[in-house]
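[1] What shape does this take:
(chains A, B, C and D)
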Amino acid sequence: MDLDFTAEERAFGQRARAWLAAHVPAAPLPSLETEAGFAAHREWERELAADRWSAVSWPEEYGGQGAGLVKWLLFEEEYHAAGAPGRVSQNGISLLAPTLFDHGTAEQRARVLPAMATGEVIWAQAWSEPEAGSDLASLRSTARRTAGGWLLGGQKAWSSRAAFADRAFGLFRREPYEAGAGASGPGRDGAPASPEPHQGLVYLMFSLRADGVTVRPVGRLDGRPAFAEIFLDDVFVPDEDVIGEPGQGWRIAMSTTGNERGLTLRSPGRFLATADRLARRWRAQGDPQDTALRDRVADAVIGARAYELFTWASASRLAAGETLGAESSLNKVFWSEHDIATHETALDLLGAEGELTDGGGGADGGGGGAAGPAYDWLDGYVFSLAGTIYAGTNEIQRDIIAERLLGLPKGRR
Amino acid sequence: MDLDFTAEERAFGQRARAWLAAHVPAAPLPSLETEAGFAAHREWERELAADRWSAVSWPEEYGGQGAGLVKWLLFEEEYHAAGAPGRVSQNGISLLAPTLFDHGTAEQRARVLPAMATGEVIWAQAWSEPEAGSDLASLRSTARRTAGGWLLGGQKAWSSRAAFADRAFGLFRREPYEAGAGASGPGRDGAPASPEPHQGLVYLMFSLRADGVTVRPVGRLDGRPAFAEIFLDDVFVPDEDVIGEPGQGWRIAMSTTGNERGLTLRSPGRFLATADRLARRWRAQGDPQDTALRDRVADAVIGARAYELFTWASASRLAAGETLGAESSLNKVFWSEHDIATHETALDLLGAEGELTDGGGGADGGGGGAAGPAYDWLDGYVFSLAGTIYAGTNEIQRDIIAERLLGLPKGRR
Amino acid sequence: MRFALDAGQREFARSLDAMLTAADTLAVTRAWGAGDHAPGRAVWQRLADAGVFALAVPQEYEGLGPLPAETAVAFVELGRHAVAGPAVETVAAAALLSRLAALGETASAERFLPALASGGTSATLTLPDGGPYAVDPHVADIVLAVDEAGLRLAPGHARVRRSLDPARRLAAPLPGGEPLAKGPSVTEAARHATRWAALATAAQSLGVGLALLDRTVAHVRQRTQFGAPIGSFQAVKHRLADVLVALEFARPLVFGAALTMAPGDVAAAKVATSDAAYGAARAALQLHGAIGYTAEFDLALWLTRARVLRSAYGGPGLWRGRVVTAWE
Amino acid sequence: MRFALDAGQREFARSLDAMLTAADTLAVTRAWGAGDHAPGRAVWQRLADAGVFALAVPQEYEGLGPLPAETAVAFVELGRHAVAGPAVETVAAAALLSRLAALGETASAERFLPALASGGTSATLTLPDGGPYAVDPHVADIVLAVDEAGLRLAPGHARVRRSLDPARRLAAPLPGGEPLAKGPSVTEAARHATRWAALATAAQSLGVGLALLDRTVAHVRQRTQFGAPIGSFQAVKHRLADVLVALEFARPLVFGAALTMAPGDVAAAKVATSDAAYGAARAALQLHGAIGYTAEFDLALWLTRARVLRSAYGGPGLWRGRVVTAWE
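    Reported below is the predicted structural model:
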């Protein structure tokens, strides 16, 4: 049992750190929810990709470095410690790419991945619908068979990045119903209409610039644009953009949401960097006598370290050939609640500055120097609030933990 | 809207305070879970009763003062503030007496209540059974019809006071089954055996000294005796000791547990006195810089005040002719969690002294002077831990709150 | 002892509720946040006409007060209806000037109180330990500031800042301006005003929490997932049960504080309502899911306000300290 | 990087588990608490034979160590099996004397360490900031005390006090006795010993929490109320899910601390395991209902231990402070 890295791993980490030190923009990029900010973030992806840092774990042929899990985690830690920009390609890299590696064709990988790595094509996820949040089985959007492809209809919701992204991926209910695929009609009343609501779904990729697509940006709690609604009216998708077998979309998607809920979405790097920023801010401006706040800062530090070590343990198990299953639900519950608590602590530390959404940086932004402008904390707070909701609510994760890890009997929820 | 008392109410409170100041023993009585302590507490009940302070809200004919709810609450506040002994007659006065007032005969009241008021007869409750905790409907102990009365069989569990008490009251499943009473056979498999498991129960009183009764004391977590198991083997109970209609025990009991869960069991006096003791101990020995602990002390003070004011509001509603229903579940959840949190805070304040179960008082007992010996806090802590379990677990109370107060749909729990 | 709203108080609450419902306050609040203050000023005048601001003003200055219990009744409704604007601040300013008058400094009271009571003047202010910012000073008619030098009428305000609450703006009063009073009487009046600000904020938070619970209960009854209304899931039930417990035990603290105006009671009310409203907000967001997370859904108005009221006039730590250590 | 128990460590855990299961430790612990220490001493010797106490003793003093990771493995098992006696204290004493030896003060190490490693001697001790009481000094063969004057072999102990944990006794070492060392090296060695004490306590707490969860899961699967196993109720499921989350994220902190022995890591492990084990205890008691509340039901052994380990060697507040402020 050890926490030691190989010389090669350490060298990789040092190389990442050096590259980031030389390239991370001195001033924060504009918000990636603005057109200009989106373009700046896309440019940052190109810069990363130029030296193969945008998707380090991919094979070299697609623009990566073939880095294993340990190296990827080291890269993430360096990335967040360096205060590098948010990743506008996150959806593609962490959600779509793993699916293509597992279920896509060689042609799809060759066509999609390099452009994803460079930021030339930015992907939005199109999972959720207004009536289908965590209950993906109740999806209503449809893919109707047509010559050489499919026609999409319906509405997707809460699509992050969709406001400015180029393409999107998601699940659609196959129409007409084909017995062979075990499909069922859509559940029009909100309840699943058949005993097999997971059957008959098609997993596909589509252009957000295609005819029939309307994108409506939606602001999150603090008013910042964060995601969008996508309205689809007979949007043509060629067969080459279907991933895997039509009708098997549910199974394929589960392997992707497995990734979403598992290791890949939330590397410890972000939490470590955030806890470190909080501890520095506390030391700089906290009242050392105020043990109530100090204890909460300590909990932020403890939680980030626990998450880091838990992740190293998971990586070790994966390296030993084990697989992670329902354990990823432990992960999800932990990081999402840790993230909220950490940001709540930061806001309480900021006091009257903690509610300000403009400015940031400089004396009137709450200062903080190396600990960053005050608004970063409120921004992070609002972002954290979504964590217990998306990718399977924490209520559902707790059901999974209880039933699959503790072996408690299934009940009606 | 006011919080003012009438001159008469104030005079009553002052009279109570004066009486208590003159009578409360200077040194704590020995534990009422010992034979000597039980006798001392019985003697204290006699002393209270001599001046009509043992059951102030009862009519004078039974030994009370006919005090209304406001006066009763004022009495309780004075009682706890005076640090007066625990009430060994609590079960009888708060659980059995209200049932007798509502469902008993005049003969039963005349026979039972005066002896209860003086402590001549101490009552134990015999509600629970090993397989029937919060689910009273799954009771298995039986009352078999015999000439002039009933023969009890089975086992009762978690009977507080039963180790030394004189008599007990509880529910028994009537045998043989009588269709007219809607009774059902006992649920031998742990699940209710009939669609009407609440039917066919008999509410009765019995002597713990009767032939066929075996009482086995059971210690609580810290080893102190706290309750007992009662084994019943053909214990004869005359008809005169049945309360209400045989077979209607469930309905009768519900009115009693309504009292148990409602206002009467937990007057604010105890919580106010405890919070006050905690705040005094904190001021005496807490580190004023330690805001983490200070905040928790503040929460104890806030919770006690909230409970007091909530109770005054409830009393005002009752005085205006309204009734309290499921609101008592709010009550139960609040005081039980408040009580645990308060005692946890006290133990953390005590540090290394907080785990000691012997001694108490004096320098090596953690001191504290007017704030009482350290062990009182651990004792109170262990006592508080039962609060979220008995009288309907807090899980059940939350179901009730959600369904009856918020109108959420019933689900399988 | 009758610790329950009397018929007049209940009727006052009902009439405010009806008036604010008819005024479509959610739209008014969104307009206020977008810089269109006219509808908000109209609501303000109707609140004034109903007597809301007169409750904190003594009768000798054309007010109805001081009536803290009725003020609490009103602010619960303001919270429930997500009303925007410096209402807490106007009440606190009235309390400040009233106490100064009681201490013999009547000039400012005579000058400002009648117009505060009538709705003709709105006020905002900063108080010691209440943070550097005044609420909505770009809209308020007068900006008061208390600092070591005393009480002054600030000549304006620094850059206006946006808050997480979309209907709220904050800015520090500019230095200088007309001195109104100084010395120990200002200190005492500021403490008095802080109590009123805390009471009104507590009542408002309670209203915010109640509105969040109401909306969430309605949502979980109709929202279906996995073939059942999510309100039938025990985890959802228990979370909302806990919200109700917290709110229902915060409520008597608010009215108890209004009746006694004792420092410890006011502090307890501020802490308990902050926690209860914020707990309601967290539950409301979680149980609404993504829809609750959007700015355009009305829930956001209460969600964000529950958060910002928590730190208004000092955060929970400050107020918990005031529960157990003496303050005047 | 392989942050997982290796085959040898897993086998060590398995063999301890098997040995302790066969030894019927629950009965042994009850006997210990009742004053019958013979069965406990026999278990002690078997633990020593398995190398548990040698892990903290350097090889030059007939030990196997220092091996903190293996020590953590062992103490998880001690916690799971509710083993009684001053095991943490003996390990901490070994760490104390080892570090003194490393600083040049070898006399006490030579005198005591071989017997501590072999199980021939058990030790208890007091450490700065660890409270005034030593654990089970009436049974331990040596009682060490560190105070301002240095390290001494206490001549005995004051009145023996009972703990909430029925198998645990506490008493303050008597003043005086034989001085063993003094000066800065004692201060440093005491800090080192405190880290080992905290690590072993953290590992034991983790084991206690795991045992509580195991027993509670088994209980809720078979306990029926309202016609269904209570483990099928969502409130029960979610509460136990939270317990598992807390334990599974405390676990890597324990082993991470063992690998680094960094002050902040040790402090984090102490805090997280305390909270996780106590949370497990509260859930276990609530979900067992009344039966869990009785002293005669075995659950009580872990319930009470989870509580007392929380404040052992300083409560959560002290250790949280050590997470964010430097300590050596």
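[2] Excluding chain neighbours, what is closest to whichever residue of the stretch 51-200 of chain C sits closest to chain A?
    The stretch 51-200 of chain C approaches chain A most closely through residue C:131 (3.2 Å), counting by Cβ to the nearest Cβ. Bear in mind the C-beta positions are built from the backbone N, C-alpha and C, glycine included. What sits nearest to residue C:131 in space, not counting adjacent residues and going by Cβ to Cβ, 6 or more residues apart in numbering or on different chains, is residue A:352, at 3.2 Å.
[3] tell me the secondary structure for that neighbour?
    Using DSSP: H, G, I helix; E, B strand; the rest coil, the structure places residue A:352 in helix.
[4] neighbours of residue A:152, just the number please.
    As a burial measure, residue A:152 scores 26 neighbours (other Cβ atoms under 10 Å in any protein chain shown).
[5] which residues touch it?
    A:141-144, A:172, A:204, A:206, A:212, A:232, A:234-237 (Cβ atoms under 8 Å, 6 or more residues apart in numbering or on different chains).
[6] Mark which of the residues you listed are buried, thanks.
    In these, burial by neighbour count holds for A:141, A:142, A:143, A:172, A:204, A:206, A:232, A:235, A:236, A:237, counting by 16 or more other Cβ atoms under 10 Å in any protein chain shown.
[7] Among those residues, which pair sits farthest apart?
    A:141 and A:236 (14.8 Å; Cβ to Cβ).
[8] Report pLDDT for residue 315.
    All of this refers to chain A. Residue A:315 is assigned a predicted lDDT (pLDDT) of 91.
[9] my bad, chain C
    pLDDT at residue C:315 comes out at 93.
[10] what's around residue A:328, how many residues?
    With other Cβ under 10 Å as criterion, residue A:328 counts 23.
[11] any idea how far whichever strand or helix holds it is from the chain center?
    Following DSSP states H and E, the helix or strand that holds residue A:328 is helix A:327-350. Distance, stretch centre to chain centre, for helix A:327-350: 16 Å (Cα atoms, centre = their mean, to the nearest Å).
[12] mind listing the helices for chain A?
    Ranges of helices in chain A, per DSSP state H, are A:7-23, A:35-50, A:69-81, A:90-91, A:97-103, A:106-118, A:249-261, A:268-285, A:291-319, A:327-350, A:374-385, A:394-400.
[13] now swap in the stretch 201-328 of chain C and tell me
    Using DSSP state H, counting those that start in this stretch, the helices of the stretch 201-328 of chain C run over C:234-260, C:263-288, C:299-311, C:316-324.
[14] does any part of the helix holding residue A:328 sit near chain B?
    No: figure legend: helix A:327-350 not in contact with chain B (Cβ under 8 Å from any Cβ of the partner chain); closest approach 11.6 Å.
[15] Report the residue spans of chain A with pLDDT below the cut-off.
    A:133-137, A:177-197, A:256-265, A:359-374, A:412-413 (pLDDT under 70).
[16] So which residues on it come close to chain B?
    A:289, A:290, A:291, A:292, A:293, A:294, A:295, A:411, A:412.
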